[in-house]
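Asker: Below: sequence and its predicted model.
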Amino acid sequence: MTSSRLRSDLILLFVAAVWGSGFVAQRLAAGSLNAFYFNGFRFFLAGLILLLLIHLRWEIKGKELAWVGLAGVLLACGSNFQQAGLSTTHVSNAAFITGLYVMIIPVFLMVFWKEKTAKVTWVAALLAAAGIFLLSVKDHMTFASGDVLELLGAVFWALHVILLSRLAKRVNPYQLAVGQFLVCGLIDLGIGFSLNPSGVQALGSAWQMVLYSALIPVGLGFTLQVVGQKHSPPVDAAIILSMEAVFGSVFGFLFLGELMSLRQISGCGLILASMILAQVKPPLPAIETALVAPTPKPD
(Lines give C-alpha, C1' and ligand atoms only; values in the text may rest on other atoms or scores of the structure.)
Protein backbone atom coordinates (compact mmCIF):
# COMPACT_ATOMS: atom_id res chain seq x y z
CA MET A 1 0.00 0.00 0.00
CA THR A 2 1.38 3.40 -0.99
CA SER A 3 1.74 6.19 1.55
CA SER A 4 -0.87 8.32 -0.28
CA ARG A 5 -3.37 5.43 -0.23
CA LEU A 6 -2.74 4.80 3.48
CA ARG A 7 -3.20 8.49 4.23
CA SER A 8 -6.48 8.53 2.26
CA ASP A 9 -7.80 5.47 4.09
CA LEU A 10 -6.94 6.96 7.49
CA ILE A 11 -8.71 10.18 6.50
CA LEU A 12 -11.82 8.21 5.51
CA LEU A 13 -11.73 6.31 8.81
CA PHE A 14 -11.63 9.64 10.62
CA VAL A 15 -14.57 10.79 8.46
CA ALA A 16 -16.55 7.71 9.57
CA ALA A 17 -15.88 8.64 13.20
CA VAL A 18 -16.94 12.25 12.58
CA TRP A 19 -20.14 11.13 10.85
CA GLY A 20 -20.83 8.72 13.71
CA SER A 21 -20.72 11.62 16.16
CA GLY A 22 -23.32 13.38 14.02
CA PHE A 23 -25.96 10.78 14.94
CA VAL A 24 -26.19 12.32 18.40
CA ALA A 25 -26.88 15.80 17.00
CA GLN A 26 -29.42 14.45 14.50
CA ARG A 27 -31.35 12.56 17.17
CA LEU A 28 -31.42 15.54 19.51
CA ALA A 29 -32.62 17.87 16.72
CA ALA A 30 -35.18 15.42 15.28
CA GLY A 31 -37.71 16.17 18.00
CA SER A 32 -38.11 19.82 17.03
CA LEU A 33 -36.74 20.59 13.56
CA ASN A 34 -38.02 19.19 10.26
CA ALA A 35 -35.42 16.95 8.57
CA PHE A 36 -35.41 19.02 5.36
CA TYR A 37 -34.73 22.20 7.33
CA PHE A 38 -32.08 20.44 9.41
CA ASN A 39 -30.27 19.13 6.33
CA GLY A 40 -30.78 22.36 4.41
CA PHE A 41 -29.44 24.68 7.08
CA ARG A 42 -26.48 22.50 8.03
CA PHE A 43 -25.31 21.93 4.43
CA PHE A 44 -25.88 25.54 3.34
CA LEU A 45 -24.17 26.92 6.44
CA ALA A 46 -21.23 24.55 5.98
CA GLY A 47 -20.91 25.69 2.36
CA LEU A 48 -20.86 29.37 3.36
CA ILE A 49 -18.29 28.81 6.13
CA LEU A 50 -16.00 26.81 3.85
CA LEU A 51 -16.39 29.42 1.11
CA LEU A 52 -15.15 32.07 3.55
CA LEU A 53 -12.22 29.85 4.55
CA ILE A 54 -11.07 29.63 0.94
CA HIS A 55 -11.36 33.45 0.71
CA LEU A 56 -14.37 33.41 -1.66
CA ARG A 57 -12.12 32.03 -4.41
CA TRP A 58 -13.96 30.02 -7.05
CA GLU A 59 -12.10 28.37 -9.93
CA ILE A 60 -14.39 25.51 -11.05
CA LYS A 61 -15.99 26.30 -14.42
CA GLY A 62 -17.52 24.70 -17.48
CA LYS A 63 -18.13 20.97 -17.54
CA GLU A 64 -16.56 20.45 -14.13
CA LEU A 65 -19.01 22.95 -12.62
CA ALA A 66 -21.89 20.81 -13.91
CA TRP A 67 -20.36 17.70 -12.30
CA VAL A 68 -19.99 19.53 -8.99
CA GLY A 69 -23.66 20.52 -9.21
CA LEU A 70 -24.54 16.89 -9.88
CA ALA A 71 -22.63 15.87 -6.74
CA GLY A 72 -24.83 18.24 -4.74
CA VAL A 73 -27.98 16.83 -6.36
CA LEU A 74 -26.92 13.25 -5.56
CA LEU A 75 -26.13 14.28 -1.98
CA ALA A 76 -29.59 15.84 -1.61
CA CYS A 77 -31.35 12.88 -3.25
CA GLY A 78 -29.59 10.35 -1.04
CA SER A 79 -30.47 12.17 2.18
CA ASN A 80 -34.03 13.04 1.11
CA PHE A 81 -35.00 9.55 -0.09
CA GLN A 82 -33.55 8.19 3.12
CA GLN A 83 -35.63 10.61 5.18
CA ALA A 84 -38.80 10.03 3.11
CA GLY A 85 -38.48 6.28 3.57
CA LEU A 86 -38.25 6.68 7.34
CA SER A 87 -41.87 7.88 7.42
CA THR A 88 -43.14 4.40 6.48
CA THR A 89 -40.40 1.99 7.56
CA HIS A 90 -38.38 1.10 10.62
CA VAL A 91 -35.13 2.84 11.52
CA SER A 92 -33.39 -0.56 11.50
CA ASN A 93 -34.59 -1.22 7.93
CA ALA A 94 -33.39 2.23 6.85
CA ALA A 95 -29.94 1.75 8.40
CA PHE A 96 -29.44 -1.67 6.80
CA ILE A 97 -30.79 -0.82 3.34
CA THR A 98 -28.82 2.43 3.21
CA GLY A 99 -25.68 0.47 4.14
CA LEU A 100 -26.19 -1.73 1.08
CA TYR A 101 -24.48 0.95 -1.00
CA VAL A 102 -21.24 -0.91 -0.19
CA MET A 103 -22.59 -3.71 -2.43
CA ILE A 104 -24.22 -1.45 -5.02
CA ILE A 105 -20.96 0.37 -5.84
CA PRO A 106 -19.01 -2.66 -7.19
CA VAL A 107 -22.09 -3.76 -9.15
CA PHE A 108 -22.42 -0.32 -10.77
CA LEU A 109 -18.69 -0.18 -11.51
CA MET A 110 -18.87 -3.58 -13.22
CA VAL A 111 -22.09 -2.95 -15.20
CA PHE A 112 -21.74 0.70 -16.25
CA TRP A 113 -17.99 1.34 -16.14
CA LYS A 114 -16.72 -2.19 -16.95
CA GLU A 115 -14.40 -2.05 -13.93
CA LYS A 116 -13.55 -5.32 -12.21
CA THR A 117 -13.51 -5.62 -8.44
CA ALA A 118 -11.08 -8.03 -6.75
CA LYS A 119 -12.65 -11.10 -5.13
CA VAL A 120 -11.24 -10.16 -1.74
CA THR A 121 -12.98 -6.77 -2.03
CA TRP A 122 -16.31 -8.49 -2.84
CA VAL A 123 -15.89 -10.60 0.30
CA ALA A 124 -15.10 -7.48 2.33
CA ALA A 125 -18.21 -5.73 0.99
CA LEU A 126 -20.37 -8.75 1.89
CA LEU A 127 -18.92 -8.78 5.40
CA ALA A 128 -19.67 -5.08 5.77
CA ALA A 129 -23.29 -5.60 4.66
CA ALA A 130 -23.68 -8.52 7.07
CA GLY A 131 -22.18 -6.45 9.88
CA ILE A 132 -24.55 -3.55 9.20
CA PHE A 133 -27.48 -6.03 9.28
CA LEU A 134 -26.46 -7.40 12.68
CA LEU A 135 -25.82 -3.92 14.02
CA SER A 136 -29.05 -2.31 12.82
CA VAL A 137 -31.70 -5.08 12.70
CA LYS A 138 -32.28 -6.19 16.29
CA ASP A 139 -34.82 -9.05 16.18
CA HIS A 140 -36.31 -9.57 12.74
CA MET A 141 -36.74 -7.53 9.58
CA THR A 142 -40.23 -6.88 8.22
CA PHE A 143 -40.42 -5.13 4.88
CA ALA A 144 -42.44 -1.94 4.46
CA SER A 145 -43.32 0.40 1.59
CA GLY A 146 -40.66 2.89 2.65
CA ASP A 147 -37.94 0.30 2.01
CA VAL A 148 -38.16 1.07 -1.73
CA LEU A 149 -37.37 4.72 -0.99
CA GLU A 150 -34.48 3.66 1.25
CA LEU A 151 -33.09 1.52 -1.58
CA LEU A 152 -33.34 4.48 -3.97
CA GLY A 153 -31.44 6.52 -1.39
CA ALA A 154 -28.73 3.85 -1.26
CA VAL A 155 -28.44 4.00 -5.06
CA PHE A 156 -27.87 7.76 -4.90
CA TRP A 157 -25.31 7.37 -2.07
CA ALA A 158 -23.45 4.82 -4.22
CA LEU A 159 -23.47 7.15 -7.24
CA HIS A 160 -22.27 10.00 -5.02
CA VAL A 161 -19.26 7.99 -3.79
CA ILE A 162 -18.40 6.92 -7.36
CA LEU A 163 -18.67 10.50 -8.67
CA LEU A 164 -16.52 11.90 -5.86
CA SER A 165 -13.82 9.29 -6.51
CA ARG A 166 -13.48 10.71 -10.02
CA LEU A 167 -14.00 14.41 -9.34
CA ALA A 168 -11.55 14.45 -6.41
CA LYS A 169 -8.71 13.71 -8.84
CA ARG A 170 -9.64 16.58 -11.18
CA VAL A 171 -10.82 19.53 -9.10
CA ASN A 172 -9.86 21.30 -5.89
CA PRO A 173 -11.45 19.22 -3.11
CA TYR A 174 -12.38 22.24 -0.98
CA GLN A 175 -14.13 24.00 -3.84
CA LEU A 176 -15.86 20.74 -4.75
CA ALA A 177 -17.10 20.51 -1.16
CA VAL A 178 -18.38 24.11 -1.22
CA GLY A 179 -20.27 23.53 -4.46
CA GLN A 180 -22.01 20.34 -3.43
CA PHE A 181 -22.87 21.74 0.03
CA LEU A 182 -24.55 24.85 -1.37
CA VAL A 183 -26.50 22.92 -4.01
CA CYS A 184 -27.65 20.30 -1.49
CA GLY A 185 -28.56 22.95 1.08
CA LEU A 186 -30.62 25.00 -1.37
CA ILE A 187 -32.52 21.91 -2.56
CA ASP A 188 -33.35 20.83 1.01
CA LEU A 189 -34.35 24.33 2.11
CA GLY A 190 -36.55 24.67 -0.97
CA ILE A 191 -38.34 21.42 -0.16
CA GLY A 192 -38.68 22.43 3.49
CA PHE A 193 -40.22 25.83 2.69
CA SER A 194 -42.60 24.34 0.11
CA LEU A 195 -43.88 21.59 2.44
CA ASN A 196 -43.93 23.45 5.78
CA PRO A 197 -43.20 27.21 5.66
CA SER A 198 -43.84 27.70 9.39
CA GLY A 199 -41.47 24.87 10.34
CA VAL A 200 -38.47 27.18 10.06
CA GLN A 201 -39.46 28.70 13.41
CA ALA A 202 -38.22 25.55 15.14
CA LEU A 203 -34.65 26.53 14.24
CA GLY A 204 -34.52 28.61 17.41
CA SER A 205 -34.67 25.51 19.62
CA ALA A 206 -32.25 23.41 17.58
CA TRP A 207 -29.66 25.91 16.34
CA GLN A 208 -26.89 24.41 18.51
CA MET A 209 -27.32 21.00 16.87
CA VAL A 210 -27.49 22.59 13.41
CA LEU A 211 -24.31 24.56 14.08
CA TYR A 212 -22.44 21.51 15.39
CA SER A 213 -23.57 19.39 12.43
CA ALA A 214 -22.63 22.13 9.95
CA LEU A 215 -19.15 22.50 11.42
CA ILE A 216 -18.24 18.86 12.22
CA PRO A 217 -20.16 16.09 10.35
CA VAL A 218 -20.74 18.21 7.23
CA GLY A 219 -18.04 20.89 7.16
CA LEU A 220 -15.23 18.67 8.41
CA GLY A 221 -16.56 15.20 7.56
CA PHE A 222 -17.87 15.61 4.01
CA THR A 223 -14.96 17.88 3.07
CA LEU A 224 -12.40 15.32 4.23
CA GLN A 225 -14.39 12.64 2.38
CA VAL A 226 -13.52 14.42 -0.86
CA VAL A 227 -9.87 14.68 0.18
CA GLY A 228 -9.75 11.01 1.24
CA GLN A 229 -11.34 9.68 -1.93
CA LYS A 230 -8.60 11.19 -4.06
CA HIS A 231 -6.43 8.09 -3.63
CA SER A 232 -8.89 5.48 -2.31
CA PRO A 233 -10.90 3.27 -4.74
CA PRO A 234 -14.67 3.81 -4.42
CA VAL A 235 -15.48 0.31 -3.09
CA ASP A 236 -12.73 0.48 -0.47
CA ALA A 237 -13.87 3.98 0.48
CA ALA A 238 -17.45 2.77 0.97
CA ILE A 239 -16.30 -0.12 3.17
CA ILE A 240 -14.24 2.19 5.37
CA LEU A 241 -17.08 4.73 5.56
CA SER A 242 -19.43 1.95 6.72
CA MET A 243 -17.56 2.20 10.02
CA GLU A 244 -19.85 5.20 10.56
CA ALA A 245 -22.44 2.75 11.92
CA VAL A 246 -19.92 1.40 14.45
CA PHE A 247 -18.86 4.85 15.60
CA GLY A 248 -22.51 5.92 15.75
CA SER A 249 -23.26 3.05 18.14
CA VAL A 250 -20.22 3.90 20.27
CA PHE A 251 -21.18 7.58 20.53
CA GLY A 252 -24.78 6.57 21.23
CA PHE A 253 -23.53 4.51 24.16
CA LEU A 254 -21.23 7.26 25.46
CA PHE A 255 -23.60 10.23 25.20
CA LEU A 256 -27.13 8.80 25.00
CA GLY A 257 -26.75 5.73 27.20
CA GLU A 258 -27.76 3.34 24.39
CA LEU A 259 -26.53 -0.17 25.14
CA MET A 260 -25.42 -2.66 22.48
CA SER A 261 -26.38 -6.34 22.48
CA LEU A 262 -23.97 -9.17 21.72
CA ARG A 263 -25.51 -9.36 18.24
CA GLN A 264 -24.73 -5.69 17.60
CA ILE A 265 -21.20 -6.05 18.94
CA SER A 266 -20.73 -8.97 16.52
CA GLY A 267 -21.92 -6.71 13.71
CA CYS A 268 -19.31 -4.12 14.70
CA GLY A 269 -16.68 -6.86 14.57
CA LEU A 270 -17.71 -7.90 11.05
CA ILE A 271 -17.57 -4.31 9.78
CA LEU A 272 -14.12 -3.87 11.31
CA ALA A 273 -12.98 -7.16 9.73
CA SER A 274 -14.31 -6.04 6.33
CA MET A 275 -12.37 -2.79 6.56
CA ILE A 276 -9.13 -4.66 7.32
CA LEU A 277 -9.79 -7.23 4.57
CA ALA A 278 -10.40 -4.48 2.01
CA GLN A 279 -6.80 -3.35 2.50
CA VAL A 280 -5.41 -6.77 1.50
CA LYS A 281 -3.85 -6.66 -1.93
CA PRO A 282 -4.55 -9.95 -3.75
CA PRO A 283 -1.45 -11.68 -5.14
CA LEU A 284 -0.90 -11.54 -8.86
CA PRO A 285 -1.64 -14.78 -10.69
CA ALA A 286 1.45 -16.61 -11.90
CA ILE A 287 0.94 -15.62 -15.53
CA GLU A 288 0.59 -11.92 -14.59
CA THR A 289 3.70 -12.16 -12.42
CA ALA A 290 5.61 -13.59 -15.37
CA LEU A 291 4.37 -10.80 -17.63
CA VAL A 292 5.40 -8.00 -15.30
CA ALA A 293 8.69 -9.59 -14.18
CA PRO A 294 11.84 -8.07 -15.74
CA THR A 295 13.31 -10.03 -18.64
CA PRO A 296 16.76 -11.41 -17.73
CA LYS A 297 19.60 -10.06 -19.83
CA PRO A 298 21.65 -12.58 -21.85
CA ASP A 299 25.16 -13.24 -20.62
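Answerer: Nice, thanks for sending it over. Everything quoted here is computed from the prediction, not taken from an experiment. Numbering: from 1, shown residues only.
Asker: Any stretches of this structure with poor pLDDT?
Answerer: 1, 139, 281-299 (pLDDT under 70).
Asker: Centroid-nearest residue for it?
Answerer: Centroid-nearest residue in the chain, with Cα atoms, centre = their mean: Leu241, separated by 6.0 Å.
Asker: ok, now which ones touch that one?
Answerer: Neighbouring residues of Leu241 by Cβ atoms under 8 Å, 6 or more residues apart in numbering: 12, 15-16, 19, 161, 225. Placement of C-beta: from N, CA and C, glycine included.
Asker: Can you lay out these as JSON lines showing neighbour count and secondary structure?
Answerer: Listed next are the contacts of Leu241 as JSON lines, based on neighbours: other Cβ atoms under 10 Å; DSSP: H, G, I helix; E, B strand; the rest coil:
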{"residue": "Leu12", "neighbour count": "24", "secondary structure": "helix"}
{"residue": "Val15", "neighbour count": "27", "secondary structure": "helix"}
{"residue": "Ala16", "neighbour count": "22", "secondary structure": "helix"}
{"residue": "Trp19", "neighbour count": "22", "secondary structure": "helix"}
{"residue": "Val161", "neighbour count": "23", "secondary structure": "helix"}
{"residue": "Gln225", "neighbour count": "25", "secondary structure": "helix"}
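Asker: With distance to Leu272 added, can I get those in CSV?
Answerer: Formatted as CSV, the contacts of Leu241 follow (distance: Cβ to Cβ, whole Å):
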residue, distance to Leu272
Leu12, 14
Val15, 16
Ala16, 11
Trp19, 16
Val161, 20
Gln225, 20
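Asker: hey, where'd the helices end up in the stretch 51-200 of the chain?
Answerer: Assigned by DSSP state H, counting those that start in this stretch, the helices in the stretch 51-200 of the chain fall at 62-86, 91-99, 101-112, 119-136, 146-167, 173-195.
Asker: can you list the residues that contact the shortest one?
Answerer: Residues outside helix 91-99 that contact it (Cβ under 8 Å, 6+ apart): 82, 85-86, 128-129, 132-133, 135-138, 141-144, 146-147, 150-151, 153-154, 157, 242, 245.
Asker: could you flag which of these are buried?
Answerer: Buried by 16 or more other Cβ atoms under 10 Å: 82, 85-86, 128-129, 132-133, 135-137, 144, 146-147, 150-151, 153-154, 157, 242, 245, out of the contacts of helix 91-99.
Asker: coming back round to it: out of the contacts of Leu241, which comes closest to Leu53?
Answerer: Lowest distance from Leu53 to the contacts of Leu241 (Cβ to Cβ) belongs to Gln225, with 16.7 Å.
Asker: Do I have it right that the closest one meets Leu163?
Answerer: No - with contacts counted by Cβ atoms under 8 Å, Gln225 stays clear of Leu163, the gap being 11.8 Å.
Asker: Now do the buried residues in stretch 17-32.
Answerer: 17-26, 28-29, 32.
Asker: And for that stretch, what's in contact with it?
Answerer: Against stretch 17-32 from outside (Cβ under 8 Å, 6+ apart): 38, 202, 205-206, 209-210, 212-213, 216-218, 220-221, 224, 241, 243-252, 255-256.
Asker: Just the buried residues from those residues, in ChimeraX please.
Answerer: The ChimeraX command for the buried members of those (criterion: 16+ other Cβ under 10 Å) is given here:
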select :38,202,206,209,210,212,213,216,217,218,220,221,224,241,243,244,245,246,247,248,249,250,251,252
